[in-house]
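Visitor: sequence first, predicted coordinates after that:
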Amino acid sequence: MLNQLQAIAPDPILGILSAYAKDTHPHKIDLGIGVYRDEHGQTPMLESVVEAEKRMIAQQTSKSYLGPQGVPGFNSAMAKLVFGENSEALSQGRVRTVQTPGGTGALRVAADLIKAANPAARIWFSDPTWSNHLAIFPAAGVTPESYAYFDKVNSSLRFDDMLESLRQRGPGDTVLFHACCHNPCGVSPDAEQWGAITDLAAERGFLPLIDLAYLGFERNIEEDNLCVRLFTQKCPEVIVASSCSKNFAVYRDRVGAISIVAGSAQKAADIETVIHALTRKNYSMPPAHGPAVIDILLQSNELTALWRTEVANMRGRINGLRATLVDKIKASGITTDFSFLQRQSGMFSFLGLSVEQVRHLREEFSIYTVDSARVNIASFNSSNMDYFVDALAAVLAD
């Protein structure tokens with residue numbers, strides 16, 4: 001039977017990783033993979049996480065199963081981090097948070113939950129959105145649709161068009177939002193725009209699903225949670241998929257959570273039983289190591305303060321790279337305006353290059369990114385930025 005299966009082309013990002021690894025060019029640059037890198041091109045372990053991990057290992061007494069909910073302390077700490085210590089929904093018992101294997105795991109559980117609630121479910125994504133959104137939800141039987149979002153010409157938000165698209169949605173529809181640091185375009189609504197979006201959600205009655213993958217990388221921990229808190233205040237039901245990969249730098253430990261806000265405490269409890277039934281059929285029991293580390297970190301005032309400083313440092317470095325890149329491009333004599341890079345946030349932006357130009361960068365200069373010209377800003381450093389700008393100038397001149 002298995003002999004009938006045919007090879008499938010690798011995911012574009014994984015394909016880039018493979019090609020990059022084989023490339024022997026001394027100045028090669030990988031701008032594709034979505035991980036934070038420091039000045040030395042490494043993905044560092046945060047001091048706060050290292051210390052929390054030492055404490056966890058010292059006090060660990062068992063490797064037995066956790067149970068379907070995961071690490072209870074992690075779940076409660078994540079709920080407070082996401083919704084706020086003074087959240088009315090939390091105090092009313094209307095929130096349930098369940099640990100998942102990474103943010104991707106949280107999204108898949110959300111997809112299964114939506115499908116269980118509405119077998120004919122459709123979900124609306126921003127145009128564009130993270131490519132894996134378009135794989136995860138159809139795999140669960142949820143039909144993907146799109147709403148207007150990114151202006152490719154001006155590298156900005158099509159806010160009026162976005163609102164017009166969302167006005168067509170209503171009860172029975174799910175709409176996915178990127179809480180901050182939009183992947184792949186780096187353009188997010190501002191506070192006033194989030195106010196209008198969340199007002200519209202309350203008016204139209206669609207279900208907001210928030211992908212919270214880059215908390216702390218746009219403005220700060222509290223402001224990056226703004227849309228979560230506004231949706232929760234205004235809408236009776238909300239789903240949040242959280243990832244700890246980027247802001248805690250625990251990528252391979254696969255730490256995430258799904259949080260649901262329901263209309264009542266009893267309904268929240270009911271929904272949690274459905275989540276447990278869904279995960280039992282999927283991965284059965286969640287992993288312990290990473291969430292136990294984050295639990296210890298977030299329960300410690302000392303380690304939490306250190307972690308917030310480390311997140312701020314990563315955010316500051318990315319913003320500094322954006323500013324430096326814009327300055328160097330301008331100084332190089334390139335006439336194309338790349339100032340939008342400094343107005344955007346998070347690790348990702350579109351360069352606005354054609355597929356041919358992207359492949360030119362790859363084939364002649366060993367600079368690797370996906371065909372959409374989405375680049376990971378955090379992959380730049382003082383050793384590779386000048387080389388990239390020179391290559392960009394050559395490609396744009398052709």
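Guide: Perfect, I can see it now.
Visitor: let's see the host helix or strand of residue 211 as CSV, backbone CA atoms only.
Guide: Taking DSSP states H and E as the definition, one finds residue 211 inside strand 207-212. Extracted C-alpha coordinates of strand 207-212, given in CSV (Å, rounded to 0.1, in the frame of the first residue of the first chain):
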residue,chain,number,x,y,z
LEU,A,207,-15.6,34.4,16.4
PRO,A,208,-12.1,36.0,16.7
LEU,A,209,-9.2,33.5,16.7
ILE,A,210,-6.0,35.3,17.6
ASP,A,211,-2.6,34.0,16.7
LEU,A,212,-0.2,35.3,19.4
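Visitor: quick one: mean pLDDT for that strand?
Guide: Averaged over strand 207-212, pLDDT sits at 98.
Visitor: how about stretch 152-171?
Guide: On average, stretch 152-171 scores 96.
Visitor: show me the contacts for the closest residue to residue 155 other than its chain neighbours.
Guide: Spatial nearest neighbour of residue 155, chain neighbours left out: residue 340 (3.7 Å); criterion: Cβ to Cβ, 6 or more residues apart in numbering. Every residue, glycine included, has its C-beta placed from N, CA and C. By Cβ atoms under 8 Å, 6 or more residues apart in numbering, the contact set of residue 340 is 154-156, 349.
Visitor: roughly how far does residue 340 sit from residue 109?
Guide: 35 Å (Cβ to Cβ, to the nearest Å).
Visitor: what do you get for residue 395?
Guide: Distance from residue 395 to residue 109, by Cβ to Cβ: 42 Å.
Visitor: of those two, which one has the most company?
Guide: residue 109 (25 against 20; other Cβ atoms under 10 Å).
Visitor: name the nearest residue to the more buried one, sequence neighbours excluded.
Guide: That would be residue 258: by Cβ to Cβ, 6+ apart, it lies 4.9 Å from residue 109.
Visitor: what does residue 76 give?
Guide: residue 97 (7.3 Å).
Visitor: neighbours of the one you found, how many?
Guide: 28.
Visitor: can you name the next helix or strand after the helix of greatest length in the chain?
Guide: In the chain, assigned by DSSP state H, the helix with the most residues is helix 301-331. Next helix or strand after helix 301-331 toward the C-terminus (DSSP H and E): helix 340-343.
Visitor: got the buried residues for that next one?
Guide: 340-342 (16 or more other Cβ atoms under 10 Å).
Visitor: what does stretch 354-371 give?
Guide: Quick answer for stretch 354-371 (16+ other Cβ under 10 Å): 357-358, 360-362, 365-370.
Visitor: same question, stretch 222-230
Guide: In stretch 222-230, counting by 16+ other Cβ under 10 Å, buried: 224-230.
Visitor: nearest to residue 314 among these?
Guide: In terms of Cβ to Cβ, no member of the buried residues of stretch 222-230 lies closer to residue 314 than residue 224, at 12.7 Å.
Visitor: SS state for the nearest residue to residue 13 once chain neighbours are set aside?
Guide: Spatial nearest neighbour of residue 13, chain neighbours left out: residue 32 (5.5 Å); criterion: Cβ to Cβ, 6+ apart. Of the three states, residue 32 takes coil according to DSSP: H, G, I helix; E, B strand; the rest coil.
Visitor: I'd say residue 32 and residue 372 touch.
Guide: No. Between residue 32 and residue 372 there is no contact under Cβ atoms under 8 Å: 10.2 Å.
Visitor: the two - which one has more neighbours?
Guide: Using other Cβ under 10 Å as the criterion, residue 32 and residue 372 rank with residue 32 on top: 22 against 17.
Visitor: quick one: the more buried one from residue 43, how far?
Guide: In terms of Cβ to Cβ, residue 32 sits 14 Å off from residue 43.
Visitor: what do you get for residue 325?
Guide: Residue 325 sits 20 Å away from residue 43, going by Cβ to Cβ.
Visitor: which of those two has more residues huddled nearby?
Guide: residue 325 (21 against 14).
Visitor: if I look at that one, how far off is residue 388?
Guide: Residue 325 is 8 Å from residue 388, by Cβ to Cβ.
Visitor: circling back: now the contacts of residue 340: which count as buried?
Guide: Here, 16+ other Cβ under 10 Å leaves 155, 349 buried among the contacts of residue 340.
Visitor: can I get the contacts of residue 340 in JSON lines with distance to residue 187 and secondary structure?
Guide: What follows is those, written out as JSON lines (distance: Cβ to Cβ, whole Å; DSSP: H, G, I helix; E, B strand; the rest coil):
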{"residue": "154", "distance to residue 187": "10", "secondary structure": "coil"}
{"residue": "155", "distance to residue 187": "7", "secondary structure": "coil"}
{"residue": "156", "distance to residue 187": "6", "secondary structure": "strand"}
{"residue": "349", "distance to residue 187": "8", "secondary structure": "strand"}
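Visitor: between the contacts of residue 340, which is closest to residue 294?
Guide: residue 349 (28.5 Å).
Visitor: export stretch 371-384 to PDB, keeping only CA atoms.
Guide: The C-alpha trace of stretch 371-384 is given here as PDB (Å, rounded to 0.1, in the frame of the first residue of the first chain):
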ATOM      1  CA  ASP A 371      10.000  33.500  -3.500                       C
ATOM      2  CA  SER A 372       7.600  36.000  -1.900                       C
ATOM      3  CA  ALA A 373      10.700  38.000  -0.800                       C
ATOM      4  CA  ARG A 374       9.700  37.700   2.900                       C
ATOM      5  CA  VAL A 375      12.900  38.200   4.900                       C
ATOM      6  CA  ASN A 376      13.700  37.600   8.600                       C
ATOM      7  CA  ILE A 377      15.100  40.900   9.700                       C
ATOM      8  CA  ALA A 378      16.700  39.300  12.700                       C
ATOM      9  CA  SER A 379      19.000  37.300  10.400                       C
ATOM     10  CA  PHE A 380      21.000  40.500   9.600                       C
ATOM     11  CA  ASN A 381      24.100  41.600  11.500                       C
ATOM     12  CA  SER A 382      27.100  43.800  11.100                       C
ATOM     13  CA  SER A 383      28.900  41.100   9.200                       C
ATOM     14  CA  ASN A 384      26.400  40.400   6.500                       C
END
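Visitor: since that was my last question, I'll sign off now.
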